[in-house]
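Trainee: The sequence isn't on hand, but the structure is:
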C-alpha cells in the first residue's frame, strides 16, 4: 500500500517516523516536505492510494489512485476540496480537544488574573504591587462570569464542562441545532450570535473556518461585546477581522484577548514572521501563542495514533474513523 | 455604637461597605495607625474594631465587643492587649480566587505558557508551534494532582480540577470525607506515601507546628523529577534552601510560588522574597502573594465584615468566630 506523506506537517520527518512506528500493516512510504518541489510531488501523488497532508492545492498534480486523504489536522481549511479526485474519503484527526480546552481555561484565568504582567513585574523588578503584602490594585477572577462559546463542537463542549466547575454560566452558539446541551445553559443559533455577544464576559471562538464563520467577528460584533470582555481564539484567525480586532484591543473597546491562531505564518524565507500585519505584540492586553494550544504531548500522540490506526484500517478494508466527507 | 476601622485595608473596607452598615452606627476611620497614638479617644469610645492588626502600645479599648479581622489570619493581633470576653472574627472569600490561581498555574506550568508567550511576543518564535511540529508541551489530562491540606481552598481546587480528567489525591491533618472526584485522602502523617504518586503537589495548608518545614530536602526527593510544586500556603511550609536547590538541580520539574520567606518593608519596598535568586530560575512562576487578591475576594470579604458588624449591633450570633478572648 503506497502512502505519501506530504507538506510541512504530514511530510515532517519526525511525524512520519512516529506514524510508521505505530502502523502494523505493511506500507510503502514516500515523504515530501516541500510541496513546491513539483519534480517530486508529481510521482508522490501519481502513485499514492493514501496521502497524509493538511494541505491540498488547486494546482496539485493528478492523483488517479488516491482513495484516502488523511489530514493530520482537525481543520480542513487548507484543503481545496473541489480539486480532489472523485471517490476519495477525507478524514481528519481528533484527540486534541482536551488539550485545547485546557488552553482556553488557562488563558481565561491568566487574562483575568493578569498573570503575565504580575509575574514579569515580580520577576524583573520585585514589584509587590497588587498583592496582599503591597496592597494596590486587585485583579479579576472568573467565578460567576458568563462564557460564550462560538462553535459548540468537541472543543466547545470540553471547554464548557471545565468552565462550569468554576461557577461560570455557559452560553453557546452553533451553526446546526444541538440536541445535547452538555454543560451549557443556553444554545443560540449562529445567526442569533448578536444576541449572545452582549451577555458574555468571555467569548471563545471554537468554530471551524467556513463560509458562515469567515470574518464572523467583525467591527460590528466586537462593538456588541462588553468593554471588559475577553476574546479567546483557538479556531482560525480568519474568523476574526484582523484590523477590527487590533483596533478594538488597542482602543479598549474590549478588555483583552488570547490568540493562538494567526493571519500570517512563518515561511522558510521568514521563519520569525510576525503573525499579523498589525503589532498585536505591542498590546499589553493580549496573550499570544504560536498556534500551539493543541501541541501537547498527549494530543500529538493521540493524533498520530489516530492516523496510524486509519492507515491500518484502510489496509485491512475496515471502516475508517474521523471521516469528514467522501468526494 | 461605634466602629473603629484601623489601617489602610480596613479604611478601604469602610468606604466599600458604608451603604451596608446599620443606620446609626458611628464610623471612625484611622488609616494610619500612628494617628491612633495621638488620638486615643477613637479607641476608647469604640465597640467594634475592624483591622488587620493590634499592638500592645495602642491606647486601650475598654468597650470593645467585636474584633473583626479583615483577613483570615489573626497572627498580627496582640490578643493579650485586648480585654477578656472580646470575640475575634476573621474573614474568608479568598478560597475560590486562590483555587482559580492554583488551577491557572497548574495549567501554565504544564503548557509552559510564560515561556512560550514571552518568546512569541518578543521575537516571534514559532518553535513550539503546531505548524512547526516543535517539541510538544505538556497537558494536565491523565496526570495526578496531590493536594496537601484539604480545607476550604483544597476542596475548591479539587472541584475545579476534576473535569480535567485527572487523578486527585489529598493529604490532611484531620480525617475528612473525600468529595466526588477525589480518589483518596491520606493522613498528613502518610504524606511520604502520596508524594511519589503526584505529578503536581499543591500546598494549601495553614502554617502550624505540623506544617512548618513540611516540604524538606528528603520529601522533595520523594517527588517525581518531573513534578511541579505549587505553594499558596506560607513560605515556611517549604525549606527555602532545599527547594531552591531542588529546582536548580532538577530534583523536581518546576514550581509556582506565591508565598515567600521574606517580605518587603518600608526600608526595602522591592525586597526579594527569598535570599536565593528564585526569579532567575527558568522553571518557575513567581507571584507576590496575590493569589487571592481579586476584586471578587475583596467584595466577598467586605460583605462578610458588614454582615458581622450588623449582627453585632443587633445582638445576633456572629459568623466566622475564631475565639473569645
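Mentor: That came in fine, so what should we check first? Keep in mind the model is a prediction, meaning the values are calculated, not measured.

Trainee: all helices in the stretch 101-250 of chain B, in order from the N-terminus.
Mentor: For the stretch 101-250 of chain B, applying DSSP state H, counting those that start in this stretch gives helices covering B:113-123, B:152-161, B:191-194, B:217-222, B:240-249.

Trainee: any idea which of the ones you listed is most buried?
Mentor: Stretch with highest mean neighbour count among the helices of the stretch 101-250 of chain B: helix B:152-161 (a mean of 24; mean count of other CB atoms under 10 Å in any protein chain shown). Quick note: C-beta positions are derived from backbone N, CA and C, even for glycine.

Trainee: which strands and helices sit next to it?
Mentor: On a contact count with 3 or more CB pairs under 8 Å, 6 or more residues apart in numbering or on different chains; DSSP states H and E, helix B:152-161 meets helix B:95-111, strand B:144-148, strand B:167-172.

Trainee: hmm, 6 Å instead?
Mentor: helix B:95-111, strand B:144-148 (3 or more CB pairs under 6 Å, 6 or more residues apart in numbering or on different chains; DSSP states H and E).

Trainee: so which of those comes closest to chain A?
Mentor: helix B:95-111 (3.8 Å; CB to the nearest CB).

Trainee: is any part of that closest one close to chain A?
Mentor: Yes: remark: helix B:95-111 sits within contact range of chain A at B:96, B:97, B:100, B:104, B:107, B:108, B:111, by CB under 6 Å from any CB of the partner chain.

Trainee: what residue ranges in the chain score low on pLDDT?
Mentor: No chain was given, so I picked chain A. A:131-135 (pLDDT under 70).

Trainee: Sorry, I should have been clearer: chain B.
Mentor: If you take pLDDT under 70 as the line, chain B has these spans: B:131-134.

Trainee: about what we covered before: take the helices and strands packed on helix B:152-161 and lay them out in JSON lines including distance to residue A:253.
Mentor: Putting those into JSON lines (distance: least, CB to CB, whole Å) gives the following:
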{"stretch": "helix B:95-111", "distance to residue A:253": "26"}
{"stretch": "strand B:144-148", "distance to residue A:253": "38"}
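
Trainee: So for residue B:47, which of these sits nearest?
Mentor: Closest approach to residue B:47 among these is made by helix B:95-111 (29.6 Å; CB to CB).

Trainee: how distant is the closest one from the center of its chain?
Mentor: In terms of CA atoms, centre = their mean, to the nearest Å, the centre of helix B:95-111 is set 13 Å apart from its chain centre.

Trainee: And that helix, what's buried?
Mentor: B:95-111 (16 or more other CB atoms under 10 Å in any protein chain shown).

Trainee: Tell me which stretches of the stretch 1-150 of chain A form strands.
Mentor: A:2-6, A:28-32, A:50-52, A:68-70, A:89-91, A:146-150 (DSSP state E, counting those that start in this stretch).

Trainee: can I see the domain layout of chain A?
Mentor: The record, using automatic domain parsing to delimit domains, assigns chain A the ranges A:2-95+A:297-326, A:97-288.

Trainee: among these, which is nearest chain B?
Mentor: Ranked by CB to the nearest CB, the member of those that lies closest to chain B is domain A:97-288, at 3.6 Å.

Trainee: Contacts (any at all) between chain B and the closest one?
Mentor: Yes: counting by CB under 6 Å from any CB, chain B is contacted by domain A:97-288 at A:98-99, A:102, A:106, A:109-110, A:118-119, A:122-123, A:126, A:128, A:130-133, A:138-139, A:141, A:143, A:161-162, A:165-166, A:265-266, A:272, A:274, A:281, A:287-288.

Trainee: And those residues, which of them are buried?
Mentor: A:98-99, A:102, A:106, A:109-110, A:118-119, A:122-123, A:126, A:128, A:130-133, A:138-139, A:141, A:143, A:161-162, A:165-166, A:265-266, A:274, A:287-288.

Trainee: quick one, helices of the stretch 101-250 of chain A?
Mentor: So, for the stretch 101-250 of chain A - with DSSP H, counting those that start in this stretch - the helices run A:115-125, A:154-164, A:193-196, A:219-224, A:242-250.

Trainee: Need the winner for burial among these.
Mentor: The stretch of the helices of the stretch 101-250 of chain A with the highest mean neighbour count (mean count of other CB under 10 Å) is helix A:154-164, at a mean of 25.

Trainee: Can you name every helix or strand that it contacts?
Mentor: Counting by 3+ CB pairs under 6 Å, 6+ apart, helix A:154-164 packs on helix A:97-113, strand A:146-150, strand A:169-174.

Trainee: what number of residues lie near the residue nearest to residue B:167 when sequence neighbours are not counted?
Mentor: Nearest residue to residue B:167, sequence neighbours excluded (CB to CB, 6 or more residues apart in numbering or on different chains): residue B:144, at 4.4 Å. Residues lying near residue B:144 (other CB atoms under 10 Å in any protein chain shown) number 18.

Trainee: Compute the distance between residue B:144 and residue B:181, please.
Mentor: Remark: distance between residue B:144 and residue B:181 (CB to CB, to the nearest Å) = 13 Å.

Trainee: again with residue B:173
Mentor: Distance from residue B:173 to residue B:181, by CB to CB: 21 Å.

Trainee: Out of the residues of helix B:95-111 next to chain A, the closest to residue B:61 would be?
Mentor: residue B:97 (31.6 Å).

Trainee: What's the end-to-end length of stretch B:85-100?
Mentor: 38 Å (CA to CA, to the nearest Å).

Trainee: oh, I was asking about stretch B:37-53
Mentor: The straight-line separation of the ends of stretch B:37-53 (CA to CA) is 14 Å.

Trainee: got a list of contacts for that stretch?
Mentor: B:1-7, B:9-10, B:28, B:30, B:59, B:61, B:63-68, B:70-71, B:76, B:312 (CB atoms under 6 Å, 6 or more residues apart in numbering or on different chains).

Trainee: for it, the distance to its chain's centre please.
Mentor: Using CA atoms, centre = their mean, the offset of stretch B:37-53 from its chain centre is 27 Å.

Trainee: Any buried residues in it, and which?
Mentor: Buried, per 16+ other CB under 10 Å, within stretch B:37-53: B:42, B:43, B:46, B:47, B:48, B:49, B:50, B:51, B:52, B:53.

Trainee: Among the residues you listed, which ones are in helices?
Mentor: B:42, B:43 (DSSP state H).

Trainee: With mean neighbour count added, can I get the strands of the stretch 1-150 of chain A in CSV?
Mentor: As requested, these are exported to CSV (neighbours: other CB atoms under 10 Å in any protein chain shown):
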stretch, mean neighbour count
strand A:2-6, 25
strand A:28-32, 17
strand A:50-52, 27
strand A:68-70, 25
strand A:89-91, 20
strand A:146-150, 26
